[in-house]
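> Let's see this in three dimensions:
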Amino acid sequence: MASVLGLKLPETATAPFCPSEVEGSIAVPRGAPLGTRLARFVGPGLLVAVGYMDPGNWATDIAAGSGYGFDLLFVVVAASLAAILLQSLALRLGMASGLDLAQACRRRYGRLPNLALWMMAEIAILATDVAEVLGGALAIKLLLGLPLWAGILLTAFDMLLVVGLKGRGFRQVEAIVGALVATIALCFLIELIIVPPDGHALAAGLVPDLGRLSQPGALAVAIGIVGATVMPHNLYLHSSIVQTRRVDGGRDGLRKAIRIANLDSAVSLLLAMLVNAAILTLAAGAFHANGHHGVTGIDEAYRLLSPITGAKAAALFFGIALFASGQSSTFTGTIAGQVVLEGFLKLKIPCWQRRVITRTIAIIPALAGVLWFGDGGVGPMLVLSQILLSLQLPFAIWPLIRSASDRGIMGELAAGAPAVAGAWALFAIISAANLWLIVSLFT
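Now for the predicted structure:
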């Protein structure tokens, strides 16, 4: 047997790029030290976390920080905690039942509901990829000075990276994503050194206060934060990729595996929360504190950073982090697309082919929007992408809760009552927020 970072494959096989191509799993010896088990399990959480720090999140965090200072920081924290709960249900479903969320939906629902759920999942993935195209193109424009339309076309070359990984390893993909996440985190750490936050105001912003949402426009921005943070396609993704990890030892071993996977997920999502909080904090310290309350665009934030802070490095690291953010989400969107295609329709294509199709489709509306509306169309298109994600989210949460709490497929490892109750509460809150958003758009 050949081995790729613990992933055992037949001698004639190449290491898989997508989890559905995995033959075998990472085995952790019974009684192995916690550090050894954690090292084997680290990876899926990071792949999920990158979806929580993509360019769509940047736009809402910048708008919140510039417009309201630290007042909406508690919303970022609350949305991140909600994401941790939902992702814990997704990984539990995958590990306990051996089904990803798309497969569970196919078993539970009829043909038409499954087609509808598949189409909504595909729209969510496409919306995410459009945001990645716009974010990557904007980073190219800001760093290299190229026209935005040229940057959009250049984002097509990330397909070559995915094609180049054909026959490599799933662990290698995880390592690349981990490096990109580390780049984003390091860049914002440097940003906060350049623009130190007001510690008192930051601490006050962490204290939940629904009264702050009564400020003009604050509720809409808060909904945008939630919509940009909790990504529907990540629920499908996590329930699949977590199955590349297993622990020997029957039910007891599986319980331990779920606990370790939850630790990997929680730590990774807390890192994503810190990145989003850092973006809001930077906007609050650099823009709101200096009287710039209307900064809502990523490009506008980039242009203002150097003049306000007096440090050219501030804008440079901002641009580098933005580029890394767009690229890191490339892999997760590709894998999630394959998961929903196989799970709902039983159609299987190589991940690299999926990437070519998805990115090609995403470039069309992104390029058309920029050519039609000009560079000023980037902001509205990013906002629209987050609205689409928010509207699709309840249709992923509902079957996730039903499946993760179903003892018929989960057995004794079904989600407990507190987790299920919390998830239903989130479903109700997000659905109500979406209804408010729809009504506000047409009134």
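> tell me the secondary structure for the residue most central in space within the chain?
A centroid search over the chain (CA atoms, centre = their mean) returns residue 51, at 1.4 Å, as the residue closest to the centre. For residue 51, the reduced secondary structure class is helix; criterion used: DSSP: H, G, I helix; E, B strand; the rest coil.
> who touches it in this structure?
Taking CB atoms under 8 Å, 6 or more residues apart in numbering, we find residue 51 in contact with 128, 231, 233, 234, 237, 329, 332, 333. All C-beta spots, glycine's among them, are computed from the backbone N, C-alpha and C.
> Show me where the chain has its strands.
With DSSP state E as the definition, the chain shows strands at residue ranges 2-4, 7-9, 26-28, 245-247.
> avg pLDDT for the last one?
Averaged over strand 245-247, pLDDT sits at 67.
> And stretch 319-336, by the same measure?
Model confidence over stretch 319-336, given as mean pLDDT, is 77.
> Next, the buried residues of it.
Within stretch 319-336, the residues that qualify as buried by neighbour count (16 or more other CB atoms under 10 Å) are 319-336.
> Just give the closest residue to the residue nearest to the centre of the chain, not the sequence neighbours.
residue 231 (4.3 Å; CB to CB, 6 or more residues apart in numbering).
> Please look at residue 117 and residue 110 and confirm they touch.
No. The pair residue 117 / residue 110 is not scored as a contact, 10.8 Å apart, by CB atoms under 8 Å.
> These two - which one has more neighbours?
Looking at residue 117 and residue 110 with other CB atoms under 10 Å, you find the greater number of neighbours at residue 117, namely 24 against 8.
> Keeping just the C-alphas, turn stretch 404-411 into PDB.
In PDB, the C-alpha atoms belonging to stretch 404-411 read as follows (Å, rounded to 0.1, in the frame of the first residue of the first chain):
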ATOM      1  CA  ALA A 404     -28.500  15.200  12.200                       C
ATOM      2  CA  SER A 405     -31.300  14.600  14.700                       C
ATOM      3  CA  ASP A 406     -32.700  11.500  13.000                       C
ATOM      4  CA  ARG A 407     -31.900   8.400  15.000                       C
ATOM      5  CA  GLY A 408     -32.900   6.300  12.000                       C
ATOM      6  CA  ILE A 409     -29.600   7.200  10.200                       C
ATOM      7  CA  MET A 410     -27.600   8.500  13.200                       C
ATOM      8  CA  GLY A 411     -28.300   5.900  15.800                       C
END
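> Can you give me the buried ones in that stretch?
For stretch 404-411, burial by neighbour count (16+ other CB under 10 Å) applies to 404, 405, 406, 409, 410.
> contacting residues around the closest residue to residue 57 other than its chain neighbours?
Take residue 57 and drop its neighbours on the chain: the residue closest to it by CB to CB, 6+ apart is residue 228, 4.5 Å away. Contacts of residue 228 were listed using CB under 8 Å, 6+ apart, and they are 56, 57, 59, 60, 61, 386, 389, 390.
> Among the residues you listed, the buried ones, what's the ChimeraX command?
The ChimeraX selection below is limited to those of those classed as buried (16+ other CB under 10 Å):
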select :56,57,59,60,61,386,389,390
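> Now render the contacts of residue 228 as a markdown table, adding distance to residue 211 and pLDDT.
Listed next are those as a markdown table, based on distance: CB to CB, whole Å; pLDDT from 0 to 100:
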| residue | distance to residue 211 | pLDDT |
| --- | --- | --- |
| 56 | 27 | 72 |
| 57 | 25 | 79 |
| 59 | 25 | 79 |
| 60 | 20 | 83 |
| 61 | 21 | 87 |
| 386 | 25 | 73 |
| 389 | 27 | 80 |
| 390 | 23 | 79 |
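> now, which of the contacts of residue 228 sits nearest residue 102?
Comparing those against residue 102 with CB to CB places residue 389 closest, at 17.1 Å.
> correct me, but that closest one touches residue 229?
No. Using CB under 8 Å, residue 389 makes no contact with residue 229, being 9.6 Å away.
> which regions of the stretch 301-443 of the chain lie under the pLDDT threshold?
Flagging of the stretch 301-443 of the chain using pLDDT under 70 yields the residue ranges 329-331, 351-352, 441.
> can you rerun that using 50?
Across the stretch 301-443 of the chain, nothing is flagged by pLDDT under 50.
> helices or strands next to the helix ranked longest in the chain in the packing?
Secondary structure of the chain per DSSP state H: the longest helix is helix 250-286. Using 3 or more CB pairs under 8 Å, 6 or more residues apart in numbering; DSSP states H and E as the contact definition, the elements that helix 250-286 packs against are helix 34-41, helix 44-49, helix 55-68, helix 73-97, helix 170-194, helix 199-206, strand 245-247, helix 298-309.
> Including distance to residue 348, could the ones you listed go into JSON lines?
Shown next, in JSON lines, are the helices and strands packed on helix 250-286 (distance: least, CB to CB, whole Å):
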{"stretch": "helix 34-41", "distance to residue 348": "26"}
{"stretch": "helix 44-49", "distance to residue 348": "20"}
{"stretch": "helix 55-68", "distance to residue 348": "29"}
{"stretch": "helix 73-97", "distance to residue 348": "18"}
{"stretch": "helix 170-194", "distance to residue 348": "16"}
{"stretch": "helix 199-206", "distance to residue 348": "45"}
{"stretch": "strand 245-247", "distance to residue 348": "22"}
{"stretch": "helix 298-309", "distance to residue 348": "37"}
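> looking at those, which is closest to residue 399?
helix 73-97 (9.7 Å).
> how near is residue 375 to residue 71?
Distance of residue 375 to residue 71, given as CB to CB, to the nearest Å: 30 Å.
> Which one of those two is surrounded by more residues?
residue 71 (24 against 15).
> for the more buried one, phi and psi?
Residue 71 adopts backbone torsions of phi -60, psi -30, taken as degrees, to the nearest 10.
> how close does it get to residue 380?
As judged by CB to CB, residue 71 and residue 380 stand 24 Å apart.
> Repeat that for residue 130.
When CB to CB is applied, the distance between residue 130 and residue 380 equals 12 Å.
> quick one, which of those two is more surrounded?
More neighbours surround residue 130 than the other of residue 130 and residue 380, with 24 against 13 (other CB under 10 Å).
> Contacts only, for that one.
Applying CB under 8 Å, 6+ apart, the residues near residue 130 are 362, 365, 366, 381, 385.
> Identify the residue nearest the fourth one in space, chain neighbours excluded?
Spatial nearest neighbour of residue 381, excluding adjacent residues (CB to CB, 6+ apart): residue 369 at 5.0 Å.
> Good, we can wrap up now.
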